[in-house]
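1. build the 3D model from these lines:
(chains A and B)
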Amino acid sequence: MDDKKLAIIATKGSLDWAYPPFILASTAAALGYETQIFFTFYGLVLLKKKLNLQVSSLGNPAMPMPMPVPVFMQAMPGMQAMMSSMMKAKMKKKGVASVEELRDLCLEAEVKMIACEMTVQLFDFDKKDFIEDIEYAGATTFFQFAGESDISLYI
Amino acid sequence: MAAEQKHDQELDARGLNCPLPILRAKKTLNGMESGQVLKIIATDPGSVKDFDAFAKQTGNELLSSSEEEGEYFFYLKRK
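-> Numbers count the residues shown, from 1 in each chain, chains lettered A, B, ... in the order given. Reported below is the predicted structural model:
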């Protein structure tokens, strides 16, 4: 019986964008999919050992806020850090897994994580800052898997 | 009062939200033998559909699914 395949390309690195690739990958793996995630551009930060993911309502008009805040205030120093902490606290309170936990579950479920070699070099990232069980490759390599996948998602 | 069913292991997934109940259940099932039954208690209302879909897609049979006072009880048989 052939396992179904899921290919995900993760290009974003903010807290809100970190969840979809890891939730989809971990759930698919739990359902028996062979899953690979290709991290590129800002998605690379999701592979760092120490995560400090941020989110801001700035530029995200759809983000629910406890009370309306004028845009110019959302841009003030400290606002981004505060909004990120608030969202993380809310997630903890509601029993939502942290990104670290979801990432660990993915690795345990043998989800293959690939870092885009080109953007690692572009941003001068140090491979020592990334978690260990990942590969470094380019789009061509990823297409070997993605080309045969049943589901491929761009996040 | 829902009758307690025979089970080999129990997983307390209360307070955990999607997709943790499923992920934890999968992990626990991996460590069990074929034919053994896992009882799961969850508080996430989404878990009702999730466990039904999980059973259908993985072949681990969902023996029963019930709810009592805000808690959901699932009995899954390891395939």
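2. report the central residue of chain A.
-> A:Ala18 (3.2 Å; Cα atoms, centre = their mean).
3. quick check: phi and psi on residue 6?
-> As the question left the chain open, I've gone with chain A. Main-chain dihedrals, A:Leu6, degrees, to the nearest 10: phi -120, psi 120.
4. list the single closest residue to the residue nearest to the centre of chain A in space, sequence neighbours excluded.
-> Spatially, and ignoring its direct neighbours in sequence, A:Ala18 is nearest to A:Val99 (4.7 Å; Cβ to Cβ, 6 or more residues apart in numbering or on different chains). Placement of C-beta: from N, CA and C, glycine included.
5. what about the strands in chain A?
-> A:5-10, A:34-39, A:112-116, A:135-137, A:151-154 (DSSP state E).
6. show me where pLDDT drops low in chain B?
-> Applying pLDDT under 70 to chain B picks out residues B:1-3.
7. for chain A, same thing?
-> Residue ranges of chain A with pLDDT under 70: A:1-2.
8. return the residues of it in contact with chain B.
-> A:23, A:26-27, A:30-32, A:94-97, A:105, A:108-109 (Cβ under 8 Å from any Cβ of the partner chain).
9. report the two of these separated the most.
-> Greatest spacing in those, by Cβ to Cβ: A:Gly32 and A:Lys94 (28.0 Å).
10. who's more crowded, those two?
-> A:Gly32 (15 against 11; other Cβ atoms under 10 Å in any protein chain shown).
11. check the gap between the more buried one and B:Glu33 for me.
-> With distances taken as Cβ to Cβ, to the nearest Å, A:Gly32 is found 19 Å from B:Glu33.
12. re earlier: for the residue nearest to A:Ala18, what are its contacts?
-> Counting by Cβ atoms under 8 Å, 6 or more residues apart in numbering or on different chains, A:Val99 makes contact with A:15, A:18-19, A:22, A:46, A:51, A:53.
13. turn those residues into CSV, columns for distance to B:Leu20.
-> Below are those laid out as CSV (distance: Cβ to Cβ, whole Å):
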residue, distance to B:Leu20
A:Leu15, 18
A:Ala18, 16
A:Tyr19, 12
A:Phe22, 12
A:Leu46, 19
A:Leu51, 18
A:Leu53, 19
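14. out of those residues, which are inside helices?
-> Secondary structure defined by DSSP state H assigns A:15, A:18-19, A:22 of these to helices.
15. of the residues you listed - the most surrounded one?
-> A:Phe22 (26 neighbours).
16. what's the neighbour count on the residue lying closest to that residue once chain neighbours are set aside?
-> Excluding its sequence neighbours, the residue lying closest to A:Phe22 (Cβ to Cβ, 6+ apart) is A:Leu102, at 3.8 Å. The local packing of A:Leu102 (other Cβ under 10 Å) involves 22 other residues.
17. how close does A:Leu102 get to B:Gly59?
-> Going from A:Leu102 to B:Gly59 by Cβ to Cβ gives 24 Å.
18. now do B:Ser47
-> B:Ser47 sits 19 Å away from B:Gly59, going by Cβ to Cβ.
19. neighbour count winner among these two?
-> Using other Cβ under 10 Å as the criterion, B:Ser47 and B:Gly59 rank with B:Ser47 on top: 25 against 11.
20. just give the closest residue to that one, not the sequence neighbours.
-> Leaving aside its sequence neighbours, B:Ser47 sits nearest to B:Pro21 (Cβ to Cβ, 6+ apart; 4.7 Å).
21. how far away is that neighbour from A:Glu132?
-> 29 Å.
22. now swap in A:Leu31 and tell me
-> Remark: distance between A:Leu31 and A:Glu132 (Cβ to Cβ) = 26 Å.
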